[in-house]
Every structure is written in C-alpha cells, then in structure tokens.
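# any chance you can model this:
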Amino acid sequence: MENPITVEVTRGQLVESRHRGMAVVVDGDGRMVFSAGDVDAAVFPRSACKAMQALPLIETGAADAYGFGNRELALACSSHSGEAEHVATASAMLKAAGRDLQTLECGAHWSFDQATLINQARSLDRPTALHNNCSGKHAGFVCACCHAGDDPAGYSGYDHPLQQQIRATMESLTGATLGPDNCGTDGCSIPTYAVSLKGLAFGFAKMATGRGLESIRARAARRLIDACMAEPFYVAGTRRFCTRLMQVAPGRIFAKTGAEGVFCAVLPEKGLSFAVKCEDGTTRAAETMIAALLARHFDRDSAEQQALKAMANHTMKNWNGIEVGTVRVTDAMFG
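Purely as a prediction, here's the structure:
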C-alpha cells in the first residue's frame, strides 16, 4: 500500500517537496475515527512512547517514595532540550534515589536546540549524560530500579528486569507481541520496538481513558498524562513543538514527538488518541500532520482551532524575513 502525500512544501508558486505519511485517530475502545495510509504498518515509536515507558516509575511506587511531582513525572516522559531546569531536575531525581549521573546509561550529547547549545558551549567543556535529551527518562528508570530493589547497572539492556517490565507494559497497551524480531536499539541505548501505528494510538487511548486497564495502571497512566499537560516545558523545552502544542489548550492536549517523523497526541476530554508517521522521517511533516488532526477536534473557529491550524499550515521565511513559501497539509489529512 502506497501512503498518500500528507504534507507539501511550496516555494514561490510551485511545490518544492512532498512528504508521504500515515495518520490515525483512535478512541478508547480501539475504534478508528480517522485513518490515512497504512496504519497497520509497523513503526518504531522512538521517543513518542516515553509516557508508556515511564509507567513503572509510578507503578513500582518509586514516584511517591521519592516525592516526585508533576515536573519530575513530566521529565520522565520527556525529550528535553538540556536547559538548566531540565538538567537540575534530572540530577535531583537521581539524588533522591541515592545515585548520580554516573549511573545513567544514555550517553552524553549537546542540546539539539540552537540557543541552548550556544549557552552550553559557552559554559561547559563538554556535556554530560544529564544533558542528554533522554536523561529524565533514564533518571526515572534508575529510580524505579532502586525502589524495586533491582540493581540499576545494565538497566538499558534487553534482559534487565526493568526492560522486561517495560516490554510487557507496551505489549499490554499496544496489543503487539514484542521480542527480538521487532526490536531495535534507540538513540539512548534502550530497546525500542516496532508496533503498528494503530496499535500505538490505541495504547495512548487506553492511557487517556483507562478503558481495558487495571485500576493501578489506569491511575498511573492518567497521572503521567496530567503531569505532562501541567508542565509542558519539562516535556520538551522553550519554543519546542510539544510544549507549544500543549500550551495552546492547557490541560486539554497531551503531545509527544519521536525521532524519524513520529508524533503522538491525546485529547483526554474527548477520549481520542492521535498518531502520525512521516514516511521519510521528517519532523516538520509530522508536526504539521499532528497539528492539523488536533485542530479538527476543537470547536470551529475557536482560538484553539485557529492556533493549531496556524501551526499546521504556515509560511516559511528566509534570513531576511521574506516569505518564500509554505508548509501545508493536503486533502489526504481530511478524509
């Protein structure tokens, strides 16, 4: 099945680039409200599924034992920009468990955000694992291990008890069977599993509605989603698309990006979950697709809908501020 062109980029009067993709909207019962492209195809969610991977932090009791609030829980679900607040919070999470950055197995990198990178280059000789965009997730992993009495050493490995727990959690949420055949290694060194885009969306719909989940998981899932919506800066950072989406409608949108053109979102009050994948892995196309889908589910001509439409269809400017083209969704995104 050939996926449709979902996003076009224009320059002048011509289309300069086209992006093919898949998109799906699912409710808490698993019914598809909308789909475009091959939504049964397996995709690696990458960082888009971090809220699923963070469930053991709450379910083991670690979050409560260490006194974590919304900021820590949001950071555990984050792909942050390595800003000072992100680094400090990840460090504090490790300290609560009696650990430090040496326990982290995510590796170190400079910030992907240009302004943050410039500040880091001015103040640091080199980045540490705390600056890694996944350090909040990994700090949560370490805390879950320590509270459960498991040695955190090797926690990123496929056979570690924590990764076994995460694998079982994701199977329960997505309905997929996960194992070596559909497993890869993520950028932060933990296992990442290919699941259908529809299954990924259904997993988030379950988290948002609690349908089909045991009470402890339903409460943990909603707590994570609520924490992210309450602290969107700690999910991503200044000017980041996830943060901006959630700020459009505070407490009403959960959104999380993943590498290689994946994006997931939830509207808890409507019980709807959204997942998109840009076939060529381009982030700008995934952002455009998710904003367009979300806009359809807000009141016509409301401030929220207008803001989301502006994020989905927008002009491009060059370094002199001259408008040179547009990024826009196609009719394929409207069914």
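# quick one: contacts of the longest helix anywhere in the chain?
If you go by DSSP state H, the chain has its longest helix at helix 215-230. The contact list for helix 215-230 (C-beta atoms under 8 Å, 6 or more residues apart in numbering) reads 51, 54-55, 58-59, 69-71, 73-74, 76-77, 169, 172, 206-208, 210, 213, 234-235, 246, 250-254, 256, 266, 268. C-beta coordinates here come from the backbone N, C-alpha and C atoms, glycine included.
# buried by neighbour count, from the residues you listed: which ones?
Buried by 16 or more other C-beta atoms under 10 Å: 51, 54-55, 58-59, 70-71, 73-74, 76-77, 169, 172, 206-208, 210, 213, 234-235, 246, 252-254, 256, 266, 268, out of the contacts of helix 215-230.
# just the residues you listed: which are in strands?
Counting by DSSP state E, the buried ones among the contacts of helix 215-230 place 254, 256, 266 in strands.
# out of the residues you listed, which comes closest to residue 120?
Distance to residue 120 across these (C-beta to C-beta) is lowest for residue 256, with 23.6 Å.
# tell me if I'm right that the closest one and residue 48 touch.
Yes: because the distance of 5.2 Å satisfies C-beta atoms under 8 Å, residue 256 is recorded as touching residue 48.
# between the two, what contacts are shared?
In contact with both residue 256 and residue 48: 263, 264, using C-beta under 8 Å, 6+ apart.
# tell me which element the residue lying closest to residue 151 once chain neighbours are set aside falls in.
Sequence neighbours aside, residue 145 is the residue nearest to residue 151 in space, at 7.1 Å (criterion: C-beta to C-beta, 6 or more residues apart in numbering). Per DSSP states H and E: residue 145 is located in helix 135-148.
# that helix packs against which elements?
helix 50-53, helix 55-59, helix 62-65, helix 70-76, helix 84-96, helix 161-174 (3 or more C-beta pairs under 8 Å, 6 or more residues apart in numbering; DSSP states H and E).
# the longest one to helix 135-148, inter-axis angle?
This points to helix 161-174. Inter-element angle recorded for helix 161-174 and helix 135-148: 110 degrees (by axes from the mean of the first three to the mean of the last three C-alpha atoms, to 10 degrees).
# so in the protein, which strand runs the longest?
Secondary structure of the chain per DSSP E: the longest strand is strand 14-27.
# buried stuff in that one?
By neighbour count on 16+ other C-beta under 10 Å, the buried set for strand 14-27 is 19, 20, 21, 22, 23, 24, 25, 26, 27.
# where does the fifth one land on pLDDT?
Note on residue 23: pLDDT of 98.
# how far away is it from residue 32?
Distance from residue 23 to residue 32, counting by C-beta to C-beta, to the nearest Å: 11 Å.
# just the pLDDT for the residue lying closest to residue 66 once chain neighbours are set aside.
In space, and not counting its chain neighbours, residue 66 is closest to residue 96: 3.9 Å by C-beta to C-beta, 6+ apart. Residue 96 is assigned 98 on the pLDDT scale.
# tell me, how many residues neighbour residue 96?
20 (other C-beta atoms under 10 Å).
# contacting residues for it?
By C-beta under 8 Å, 6+ apart, residue 96 lies in contact with 66, 67, 68, 143.
# so what's the residue count around the third one?
For residue 68, the number of neighbouring residues by other C-beta under 10 Å comes to 23.
# next one: the first one
The local packing of residue 66 (other C-beta under 10 Å) involves 20 other residues.
# so who does it touch?
So residue 66 contacts 72, 93, 96, 97, 143, 147 (C-beta under 8 Å, 6+ apart).
# got a pLDDT number for the nearest residue in space to residue 239 that is not next to it in sequence?
The shortest distance from residue 239 to any non-neighbouring residue, by C-beta to C-beta, 6+ apart, is to residue 113 (7.4 Å). We have a pLDDT of 91 for residue 113.
# pretty sure residue 113 contacts residue 86?
No: counting by C-beta under 8 Å, residue 113 does not reach residue 86; the two are 10.5 Å apart.
# those two - which one has more neighbours?
Between residue 113 and residue 86, counted using other C-beta under 10 Å, the more crowded position is residue 86 (27 against 20).
# ok, that one touching residue 136?
Yes: in this structure residue 86 lies within contact range of residue 136 using C-beta under 8 Å: 6.8 Å.
# between those two, which contacts overlap?
Applying C-beta under 8 Å, 6+ apart, one finds that residue 86 and residue 136 are jointly contacted by 75, 78, 80, 234.
# residues contacting the last one?
Contacts of residue 234 were listed using C-beta under 8 Å, 6+ apart, and they are 70, 71, 74, 75, 78, 80, 85, 86, 89, 136, 228.
# please redo it, this time with the cut-off set to 10 Å
Taking C-beta atoms under 10 Å, 6 or more residues apart in numbering as the criterion, residue 234 is in contact with 70-78, 80, 83, 85-86, 89-90, 136, 227-228, 243.
# what about residue 99, how many residues close to it?
When neighbours are counted by other C-beta under 10 Å, residue 99 comes out with 18.
# go on, residue 36?
Neighbours around residue 36, by other C-beta under 10 Å: 23.
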